[in-house]
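Visitor: only geometry, no sequence info:
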């Protein structure tokens, strides 16, 4: 592998191509979230892309929090738990985190919070106070409900959404 360069000016098209092709990426890694964080919440973003020989080998989206009352810091990504480092190798992961630390410090930030579905950096302090529940979707609503019933769950409301509900079109 050639040298790893971190780029802050990658086009949204190239960013999303990488996200859509990488098995560790989630929909929260897509470039359009930068607009949401900026326009809806007023936060700046730094979308770090690692490249080797012109090929994208990793990404790390950051949202910058600045407040008069709270400390400055960066999060990947706030409000969701699936926005951390996506990279082809551990070396690229570490390069992106080092760049994120530098970016956070350069803007006066006191800390960087990374959100991953697994612990990528055992030497970093970690919190494990959140849970994730992932359910593969069946091909139709009836099959999905029957899979709940077969697992014996007594906590599920077995009533399907009314046909007029917006959820009815999602469920079918």
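Guide: That came through fine. Remember, it's a predicted structure, so these values are computed and weren't measured experimentally.
Visitor: tell me the domain boundaries of this protein?
Guide: Using automatic domain parsing, the domain parsing of the chain gives 5-114, 141-171.
Visitor: Can you give me the end-to-end span of the first one?
Guide: Criterion C-alpha to C-alpha, to the nearest Å; first-to-last residue distance in domain 5-114 is 20 Å.
Visitor: which ones are touching residue 39?
Guide: Going by C-beta atoms under 8 Å, 6 or more residues apart in numbering, residue 39 touches no other residue. For glycine as for every other residue, the C-beta is placed from the backbone atoms N, C-alpha and C.
Visitor: ok so it is a strand residue?
Guide: No - assessed with DSSP: H, G, I helix; E, B strand; the rest coil, residue 39 is helix; it does not lie in a strand.
Visitor: By residue count, tell me the biggest strand in the protein.
Guide: Longest strand in the chain by number of residues (criterion: DSSP state E): strand 55-65.
Visitor: so what secondary structure elements neighbour that strand?
Guide: In terms of contacts (3 or more C-beta pairs under 8 Å, 6 or more residues apart in numbering; DSSP states H and E), strand 55-65 is packed against helix 12-21, strand 44-52, strand 73-76, strand 86-87, helix 90-106.
Visitor: quick one: the first one to strand 55-65, angle?
Guide: With axes from the mean of the first three to the mean of the last three C-alpha atoms, to 10 degrees applied, the angle from helix 12-21 to strand 55-65 works out at 100 degrees.
Visitor: Thanks a lot, catch you later.
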